[in-house]
Each structure stands twice: as structure tokens, then as C-alpha cells.
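Q: Need a 3D model of the following:
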Amino acid sequence: MSGVPFLLEIGSEEIPNWMIPKALEILKKDFEELVMNRLGEGPKTVEVYATPRRLVLIARNLRLAMADLDEMMPGPPVSAGEEARASFEKKFKDWDQSLQIVVRPGKKGDYYYAKFTKRGKTAQEIIAETLPALINIPWPKSMYWTVLDHDRHVDRKSEIRWIRPIRWLIAMLGDEVVPFEIAGVRSGNLTEGHRLLGCKSIAVTAANLDQQLEANRVLLSAEKRRAKIITEIGALLSGGPFELNFDRELLETLVYTTEFPTPILGSFDREYLRLPREVLSTVMRHHQNYFSLLDKKTLDLAPNFIAVMNTSADPEGLVRHGNERVLRARFNDARFFWEVDQKKKLADRIGDLAHVTFQAKVGSYLDKTKRMDALADSLGGDPNSRRAVLLCKCDLTTEMVKEFTDLQGIVGGLYAKEQGEPKRVWQAIYEHYKPLSSEDTIPSTIEGQIVALADKFDTLAQFFMVGLAPTGSRDPFALRRAAQGVVRILVEGNVRVRIKDYLYTLPELEQFFKERVEHYFREGRGFRYDEVRAVVGAGWDDLHDVGLRLNALQTVRLMENFEPLASSFKRIANILKQANFSNGGAVDAGLLEPGPERDLYKDFDRVRQNAKTSDYLPALEAIATLRPAVDRFFDKVLVNAPDERIRRNRLTLLSNLLTEFSAIADFSEIVPTNT
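A: Take a look at the predicted model:
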């Protein structure tokens with residue numbers, strides 16, 4: 001027999017869109033751990049949904065109660081007498097009518113035991129006692145607010161912190177309300193529809209919540225809201241001269257800032273197209289949440305935009321006119337900033353960076369610029385990249401960037417271009433923050449790559465020096481992204497530098513970078529985790545070389561002899577570790593016994609000569625041919641020979657074998673594919 005459904009809805013004032021997905025993840029995980037694992041039966045499903053004004057959880061197939069449990073609790077020995085027995089029984093007399101006092105043998109005689117049935121808690125009880133903890137989500141930011149105490153009829157501070165004031169709560173197990181109260185709000189079965197288009201009080205159950213909300217202009221499913229936005233934008237642009245400048249991040253923002261999204265088409269004066277496309281797009285995207293549009297023929301920015309309103313229609317165009325008016329004011333601001341900023345060249349702003357703080361413990365952006373200049377020089381930067389380094393942070397002093405912070409770097413590049421700097425210079429400034437994400441590209445020129453590396457290397461070193469390294473999942477200064485950017489630029493740009501030369505001998509920073517290198521080649525390039533660990537374990541300072549060794553290892557591990565040989569290398573490493581042997585030296589050929597031992601020595605010497613090549617694939621192929629000789633050695637030769645000189649000589653042979661070829665990869669890290 002299937003269980004009953006449970007519905008939880010937390011209604012509140014509008015929740016910031018960027019906090020919603022994580023909150024849903026936490027809510028679902030906590031419910032599964034605290035409730036579903038105790039009450040779930042059959043197929044267990046927990047669904048979570050959200051709009052700006054509500055978080056919803058629907059669980060299906062819950063048992064109405066936990067099973068009863070028979071309990072036996074030990075008491076005093078029978079030899080303690082009747083008085084001890086009575087006292088023991090008294091402790092349990094109110095627990096359960098099924099209580100029995102029985103006698104059971106023990107190691108030192110007979111003992112009294114209390115035997116009773118412990119009633120399993122009902123689903124109502126379990127859910128009611130769990131809900132306050134479930135609802136108390138750890139938001140990035142949260143607040144207390146004043147609530148009404150129903151019993152005392154007085155105002156008091158809410159007992160929990162939440163992102164916004166909670167306005168209603170639904171908690172229903174099947175058709176029954178689970179009674180509880182939090183933050184002055186009591187649970188019930190009533191939800192609210194759209195703030196403007198729906199009813200204020202709607203009775204619902206888990207079975208009809210979605211339909212009831214949709215009838216009141218709330219699309220509970222994020223997927224439905226997403227599809228509605230995309231479909232209706234397509235209808236607006238169908239057959240017209242424009243196409244959407246699609247922005248996935250903006251789409252997700254709009255999905256979680258609306259309950260009933262409806263796109264509308266707006267326009268602006270072509271005169272504003274004299275401003276750079278980047279400025280106009282940023283104003284529309286980051287400040288108004290508008291999609292920009294492109295001319296289908298030229299792919300230039302069109303004097304139009306798509307706004308998404310949180311209502312069903314705009315028959316008189318009032319919403320459209322309002323959006324156009326606001327955008328016009330923002331464009332006027334941007335045009336004013338552009339004109340004012342041009343009165344002072346970037347080169348004349350370098351000194352102003354002394355008054356812009358990079359980080360309180362580290363110093364100003366002028367200090368950073370000087371360090372970056374030295375780094376660019378050591379990275380082999382030419383005059384263009386050195387010039388770009390000097391100018392790349394100057395846009396932080398401009399009015400445009402002060403108002404539109406997302407344009408830093410981009411504005412610097414645009415201003416440098418406008419002021420006559422060479423293309424190699426302004427383009428390096430424009431791109432020096434790249435890559436901004438795993439999907440973003442690296443700077444397209446070597447000059448841009450040098451500036452980006454100098455910037456990121458300096459940021460990482462300075463923050464680690466003053467103890468501001470990332471901890472756990474917290475990374476407020478985006479240092480993981482900076483390190484990943486360095487790795488990508490070095491590999492994808494084929495920039496040949498040794499990373500450790502720029503880590504200031506900081507062990508914590510070296511380990512941090514090593515983890516980023518492993519992550520990039522594993523997640524970004526698709527190498528197996530053991531291949532990455534094997535190659536990185538043999539050295540990761542030159543990332544171009546790491547890539548060559550990984551490609552060769554990935555190819556050669558398909559050979560029949562390779563993985564068994566890797567297992568033998570792991571065996572060699574364990575033998576040397578157990579023997580506490582680390583002093584290799586030269587093998588005494590005169591002490592080698594004829595047969596497998598001498599054969600291995602000869603094969604080792606042959607392969608060592610063949611492996612001395614900058615091409616790792618033939619080197620690894622040559623190493624793989626050692627497998628038969630190694631197998632015969634372990635089958636026929638006793639490494640820990642009674643004679644100390646022979647034992648040390650054999651350990652030396654194994655040590656040299658391991659050391660010689662571990663410069664390419666630590667083969668002991670390879671995990672056989674059939675395990």
C-alpha cells in the first residue's frame with residue numbers, strides 16, 4: 001500500500017533570485033535526511049520548487065507512523081531483593097501498558113529486565129518536530145523581524161533568522177494540517193496566488209497545488225517559467241529583423257524573479273548606438289535585466305530590447321513605456337560618464353591608483369601595478385604587454401566603472417583604443433580579466449595572456465601571504481577561479497613558464513595550485529583521475545610538459561603489458577618502503593645472479609637508453625616492454641636475500657628502476673581498469 005504525500009510551502013516576501021537554487025538544494029537534502037529516511041516507503045520522491053515568494057517541497061509515499069519496537073532494558077540483580085525490583089519497575093510504570101518485569105540470566109547471576117513495546121512516533125509528530133530546523137535555512141544573508149505572539153498578543157522578535165519575513169506556511173500530511181508555528185506564523189492549508197493577479201487565500205493539497213497556483217497566475221515550476229519566456233520571446237521576434245542576444249545567466253535570473261513572466265519588446269533612440277556595444281549591453285543586462293537584440297543582417301546591436309514583466313499583459317503599453325524611460329535615463333548616465341572620462345587619459349590616471357585600495361592588508365592598486373610590471377618582465381613581456389600592465393587598472397578611477405563595475409577591464413580597453421593606444425595594448429587591457437568562468441575563453445593575444453598571468457599570479461601570492469587563502473567552500477576573493485585561469489592560460493595558450501617560480505615558495509599556495517592543475521586535467525580535459533595523479537606526482541611545474549606526458553600515458557595504458565607493469569612498480573615502491581631503503585647508488589653487476597636478475601638488469605639498461613627522448617610515447621612504450629623481465633624477476637628472485645650485500649644490491653636495482661622512470665609518471669598511482 002502506497003504512503004501519503006506531504007506538502008510544505010514557505011511563503012515570504014521576495015527572496016533574492018541568486019539565493020533560491022541553493023536554498024532548494026538544502027531544503028531537499030535536509031528533508032531526505034531528517035524525515036524521508038525515517039518515514040519513506042516504496043519509491044521515495046522529494047520534489048522542490050520555488051518562485052520569488054515561496055519555497056515548496058512535496059514528498060510522496062510517507063508512512064503514517066514508524067513501526068513499534070520491542071525494548072529490553074537491564075535492571076538490578078535479583079539478589080538485590082524485592083525493594084530494588086519495585087524501584088526499577090516504578091521508573092517504567094508510565095512508559096507503556098505492555099510493561100513486564102522479567103528475569104534473565106547474566107554472567108554473575110540473574111537480573112531483572114524491563115520488557116515493553118516502544119510506540120513508533122507518528123508522521124505528524126516527526127514532521128512537526130523537524131519543521132523548525134528544516135525551515136531555518138542557512139542563508140548567505142538573513143534577518144530577524146517583528147512578529148505577533150498569538151498567545152500574548154504582543155510584538156516580539158522572530159525566533160529564527162530568515163532571508164525575508166515569512167508570511168504564510170503550509171504543512172499538510174495527506175489532507176491533514178501538521179500543526180506548528182514559527183516566526184509568529186501558524187501552519188495551515190492556505191496559499192496565496194500572484195500578488196496582483198491571484199487570490200489572497202487559496203485552499204490547496206499536495207495533489208492540486210500546482211493547478212491551483214497556475215489558475216491564480218503563479219507558475220510553480222521553474223521549467224514552465226523558463227519555457228514561457230523562451231517561447232514568447234520567439235513569438236515576439238518571429239518574422240522581424242532582430243534576433244535575441246541570448247544570455248543563459250540572465251534567463252535564470254528572470255526565471256527566479258517572476259511568478260508569471262511575460263516578455264515585452266521595447267526600443268530606444270538609435271543615437272545611443274554611438275556608445276560602445278559593451279556599455280549598452282551591460283546597462284541593459286546587469287542593471288535592468290533586459291535582453292539585448294541584434295540586427296539579423298549585420299549582427300550589430302539593435303535599438304531594441306526584451307524586458308520580462310511579472311504580469312500577464314501590457315495592453316496599453318504602460319509597462320513598456322516605463323521600461324523605455326528608465327533605460328533612457330541609464331543610457332544618458334553612461335553617455336555622460338563616457339564623455340567626462342575621456343577628458344583624462346588612462347596614462348594620466350596611473351598616480352590616482354595610489355588612492356584605490358586593492359586589499360586592506362596588501363595595499364593600493366598602484367602597488368599592485370608595480371608588482372605586475374615586474375612579473376610581466378619576468379614572464380617575457382614585450383613593450384606592448386608592459387604598457388598594457390601599466391594602464392590595465394586605471395579604469396578603476398573612471399566614473400564609468402564606479403557606476404558600472406562589471407565593465408572594469410572592458411572600459412579600460414575601450415578607453416585605450418579611443419585614446420590611440422596600439423591594438424596590442426588596448427586588446428590586452430580589454431581581455432586581461434579573462435577567463436571569467438570555465439566556459440569563457442582565455443585572452444586571445446600573448447600580450448593579453450602576459451597581463452592576465454601577472455594579475456592573477458600577484459593576486460594569489462599576495463592573498464596567500466596575508467593569510468586570506470580559501471577555506472572549505474568559502475572563496476570570497478575568487479582565488480580558485482584565478483588559479484584555474486592561470487592553469488588554462490598556460491596550457492591553452494602554450495605559455496612555457498614554471499609555475500613555482502611565481503609562488504614565492506609558499507607551501508600552501510603550491511598545494512593549492514597542484515589541486516587546480518589536477519582539477520583542470522581531470523575535469524576540463526577528461527583524463528582519468530589515476531592518470532592525472534600519476535603524471536602530476538612526477539612533477540607539475542611545466543604544464544605544457546604535463547599535457548604531453550598525460551597524452552602519452554593515456555595512449556600507452558591501452559597496451560597489454562602496461563597496467564600489469566604499473567602494478568609491479570607499485571609492488572617495488574612497497575618493497576622499498578618496507579625495507580626503509582632510499583639510497584640507490586650504482587648496481588654492482590658482479591653480484592647479480594645469472595638468469596632473471598641479470599636479464600632484468602640488461603633490459604633495464606637497454607630501455608633506459610631508449611627512453612632518453614623528448615617524445616614520451618615511445619619512451620613509455622619502451623618501458624612497457626620491461627613487464628616480462630620484471631615478472632620473471634619477482635617469480636624467481638628473492639629480494640630479501642640472507643646475504644646483506646646481495647639484498648642491498650637487489651634493492652638498489654629496484655630503486656634505480658623506479659627512480660629512472662618515475663620522472664615521466666608515478667606508475668604506482670595507476671589503477672587497473674578491471675578493478
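Q: what's the neighbour count on Met400?
A: Using other Cβ atoms under 10 Å, Met400 has 25 neighbouring residues. (Each C-beta comes from the backbone N, C-alpha and C, glycine too.)
Q: which residue sits closest to it, ignoring its sequence neighbours?
A: Excluding its sequence neighbours, the residue lying closest to Met400 (Cβ to Cβ, 6 or more residues apart in numbering) is Phe337, at 4.2 Å.
Q: same thing with Glu403?
A: Spatial nearest neighbour of Glu403, excluding adjacent residues (Cβ to Cβ, 6+ apart): Phe337 at 6.0 Å.
Q: any idea which residue sits dead centre in the protein?
A: Ser473 (8.1 Å; Cα atoms, centre = their mean).
Q: how far away is that residue from Arg480?
A: Counting by Cβ to Cβ, to the nearest Å, the separation of Ser473 from Arg480 is 10 Å.
Q: With Met400 instead?
A: In terms of Cβ to Cβ, Met400 sits 29 Å off from Arg480.
Q: With Met284 instead?
A: Distance from Met284 to Arg480, by Cβ to Cβ: 30 Å.
Q: Quick check: what element follows the least confident helix or strand in the chain by mean pLDDT along the chain?
A: When the helices and strands of the chain are scored by mean pLDDT, DSSP states H and E, strand 154-157 comes last with a mean of 61. Once the chain leaves strand 154-157, the next helix or strand it forms, by DSSP states H and E, is strand 166-173.
Q: if we can go back for a sec, and Met284 and Arg480? which has more neighbours close in?
A: With neighbours defined as other Cβ under 10 Å, Met284 and Arg480 compare such that Met284 has more, 26 against 15.
Q: Now do the contacts for that one.
A: The contact partners of Met284, taken as Cβ atoms under 8 Å, 6 or more residues apart in numbering, are 290-292, 305, 327.
Q: if you set the cut-off to 10 Å instead, what comes out?
A: Met284 sits next to 245, 247, 250, 266, 268, 290-293, 301, 305-307, 327, 330-331 when contact means Cβ atoms under 10 Å, 6 or more residues apart in numbering.
Q: Just the ones of those residues in helices?
A: 250, 327, 330-331 (DSSP state H).
Q: Grab the nearest non-local neighbour of Val487.
A: Closest to Val487 by Cβ to Cβ, 6+ apart is Tyr520, at 4.7 Å.
Q: and that neighbour, which of the three is it?
A: Taken by DSSP: H, G, I helix; E, B strand; the rest coil, the conformation at Tyr520 corresponds to helix.
Q: Can you give the domain ranges for the chain?
A: Listed domain ranges for the chain are 4-65+122-215, 69-118, 222-341, 346-526, 551-669 (source: automatic domain parsing).
Q: Now the weakest link among these, please, by mean pLDDT.
A: Mean pLDDT per stretch puts domain 69-118 lowest among these, at a mean of 76.
Q: centre of the chain versus it, how much separation?
A: Distance of domain 69-118 from its chain centroid, counting by Cα atoms, centre = their mean, to the nearest Å, is 54 Å.
Q: and what of stretch 121-136?
A: 30 Å.
Q: and that stretch, which residues are buried?
A: Burial within stretch 121-136, assessed by neighbour count using 16 or more other Cβ atoms under 10 Å, is assigned to 123-124, 126-128, 130-131, 134-136.
Q: So which of those residues belong to strands?
A: Within those, no residue falls in strands by DSSP state E.
Q: In helices only, show me those residues.
A: Short answer: those in helices (DSSP H) are 123-124, 126-128, 130-131, 134-135.
Q: one step back: residue contacts, the residue nearest to Glu403?
A: Phe337 is in contact with 275, 279, 398-404, 407, 411, counting by Cβ under 10 Å, 6+ apart.
Q: contacts for stretch 591-606?
A: With Cβ under 10 Å, 6+ apart, stretch 591-606 has contacts from 587, 589, 622-623, 625-639, 641, 643, 645-646, 648-650, 652-654, 656-657, 660-661.
Q: er, stretch 460-469 I mean
A: Identification of contacts with stretch 460-469 by Cβ under 10 Å, 6+ apart yields 358-363, 367-368, 371, 375, 470, 475-477, 479-480, 482-483, 485-486, 502-504, 506-513, 516.
Q: Show me what counts as buried in it.
A: By 16+ other Cβ under 10 Å, the buried positions in stretch 460-469 come out as 460-464, 469.
Q: Quickly note the distance from the closest residue to Ile306 other than its chain neighbours to Glu439.
A: Spatial nearest neighbour of Ile306, excluding adjacent residues (Cβ to Cβ, 6+ apart): Phe291 at 4.1 Å. For Phe291, the distance to Glu439 equals 19 Å [Cβ to Cβ].
Q: Quick check on these two: which one has the bigger neighbour count.
A: Remark: of Phe291 and Glu439, Phe291 carries more neighbours, 23 against 7, as counted by other Cβ under 10 Å.
Q: Does that one touch Phe246 like I think?
A: Yes - using Cβ atoms under 10 Å, Phe291 is in contact with Phe246, at 7.5 Å.
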